[in-house]
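Colleague: give me a 3D structure for the following:
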Amino acid sequence: MDLPPFVGLADSWAADVWESGQMGSDFAPVKGTELQGKFAMPPGIDVSRLQDRHDVRRKLDLFSRSINNDLTLNRADQYTQQAYDLVLSGKVQKAFNVAEESAETRAAYGTESISQKALLARRLVESGVTFVLVSGAWGYFDHHGDNVRWGGIEKGLTPLLPQVDRTLYALVNDLDTRGMLDDTLVLMMGEFGRSPVINKEAGRDHWTNVMSMVMAGGGLQHGQVIGSTDRRGGAIESSPVRPQDLAATTFRHLGIDLNSNWINKQGRPIPIVQEGGRPIPELG
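Modeller: This next block holds a predicted model:
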């Protein structure tokens, strides 16, 4: 393994990245914002010396396991081996070196937090990471009103949306130029929408009835609007897309059998797609 399969690029881990739920640490994401510069060889240590140290540690672990076969130790040994592989391959260090990008490419993305993370996400996918989550900042679209950090609809979204639009355009265009767009599914979304009524603080509150999102790439049939709401944007009027449908679409793109199960802590198989979820038919 050269790179972890799931990397989160977010400042807040409590709200913006929800770990791996009940699936356990084997599926947990890596904190990408903390990896940059962490996989260079320590000063004074070359490859052969690091391998010697690794061999000594491995022999000591084997001796310990011969005395006490401990599952925790086995798992720690697995993660340690992965860490050594990451350092020795040099692939992680290279993937995180955004300075390798041309000035034109970096300028196209912009200098905002979400822009730089999106550029890094493209480099990680290009290097073999399967899934990357990008978040500009905690509560980035939480525009409850002018009395909170991100402001209300007008004061908050007016300066923010051009940055987001620029980043999304740059990412999709960059992937397309590099011949990566058909193989890479881009999802721009949150977890719920905003209320159809502006509150007394000039913002909109959480609204679970309706939300919108943007999809690009993945070899799907794009250039269309799927579904509609009533004129107030408060209720779905046609062609609803449910969370389980989005999950099925994503799993299919990743080549995961939609009839698969994962096993919970009680040993019960749980379907990865529930309540009749199916790939969004309009996307092909």
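Colleague: strands of the stretch 151-284 of the chain, residue ranges please.
Modeller: Along the stretch 151-284 of the chain, the stretches classed as strands by DSSP state E, counting those that start in this stretch are 185-188, 193-194, 206-207, 214-217, 228-229, 236-238, 261-263, 269-271.
Colleague: show me the contact partners of the third one.
Modeller: Translated: strand 206-207. Strand 206-207 is contacted by residues 192-196, 234 when judged by CB atoms under 8 Å, 6 or more residues apart in numbering. The way it works is simple: take the backbone N, C-alpha and C, and place the C-beta from them, glycine included.
Colleague: which of the residues you listed lies closest to Pro271?
Modeller: Phe192 (23.3 Å; CB to CB).
Colleague: confirm for me that the closest one is in contact with Met211.
Modeller: Yes. Phe192 is within contact range of Met211, at 5.2 Å (criterion: CB atoms under 8 Å).
Colleague: between the two, which one's more packed in?
Modeller: Taking neighbours as other CB atoms under 10 Å, Phe192 and Met211 compare with Met211 leading, 15 against 11.
Colleague: okay, the closest residue in space to the more buried one that isn't next to it in sequence: pLDDT?
Modeller: Computed as CB to CB, 6 or more residues apart in numbering, the closest residue to Met211 that is not its neighbour in sequence is Gly193, at 3.5 Å. Per-residue confidence (pLDDT) for Gly193: 94.
Colleague: is it true that Gly193 touches Met213?
Modeller: No. If you go by CB under 8 Å, Gly193 and Met213 don't touch, sitting 9.6 Å apart.
Colleague: looking at these two now, which is surrounded by more residues?
Modeller: For Gly193 versus Met213, neighbours defined as other CB under 10 Å are more numerous around Gly193 (19 against 12).
Colleague: ok, the more buried one - contacts?
Modeller: With contact set as CB under 8 Å, 6+ apart, Gly193 has these partners: 207-212, 233.
Colleague: any chance you could map the helices in this structure?
Modeller: Here the chain has its helices, by DSSP state H, at 47-67, 71-89, 91-95, 103-109, 113-126, 153-177, 243-253.
Colleague: buried stuff in the fourth one?
Modeller: This means helix 103-109. Buried residues in helix 103-109, defined by neighbour count with 16 or more other CB atoms under 10 Å: 106, 108-109.
Colleague: what is the neighbour count of Trp138?
Modeller: Neighbour tally, Trp138, other CB under 10 Å: 15.
Colleague: quick one: it from Gly193, how far?
Modeller: Going from Trp138 to Gly193 by CB to CB, to the nearest Å gives 19 Å.
Colleague: state the distance from Gly152 to Gly267.
Modeller: 48 Å.
Colleague: of those two, who's got more company?
Modeller: The residue with more neighbours, out of Gly152 and Gly267, is Gly152; 20 against 6, by other CB under 10 Å.
Colleague: and that one, what pLDDT?
Modeller: 96.
Colleague: could you do Leu133 as well?
Modeller: For Leu133, the model assigns a pLDDT of 95.
Colleague: how long is stretch 221-234 end to end?
Modeller: Stretch 221-234 has an end-to-end distance of 27 Å (criterion: CA to CA, to the nearest Å).
Colleague: neighbouring contacts of it?
Modeller: With CB under 8 Å, 6+ apart as the test, stretch 221-234 has contacts from 193, 195-196, 207, 209-210, 215-216, 235-241, 280, 282-284.
Colleague: quick one, what contacts Pro269?
Modeller: Counted by CB under 8 Å, 6+ apart, Pro269 has contacts 261-263.
Colleague: apply 7 Å and report the result again.
Modeller: Counting by CB atoms under 7 Å, 6 or more residues apart in numbering, Pro269 makes contact with 261, 263.
Colleague: for it, give its distance to Ser260.
Modeller: 9 Å.
Colleague: with Arg149 instead?
Modeller: Counting by CB to CB, the gap from Arg149 to Ser260 is 40 Å.
Colleague: same deal with Ile226?
Modeller: Applying CB to CB, the value for Ile226 to Ser260 is 25 Å.
Colleague: before we move on, back to that, right, so the strands of the stretch 151-284 of the chain: which one is the most enclosed?
Modeller: Burial of the strands of the stretch 151-284 of the chain is given as mean neighbour count (mean count of other CB atoms under 10 Å); strand 193-194 ranks first at a mean of 20.
Colleague: from the chain's centre, how far out does it sit?
Modeller: Centre-to-centre, strand 193-194 and its host chain are 21 Å apart (CA atoms, centre = their mean, to the nearest Å).
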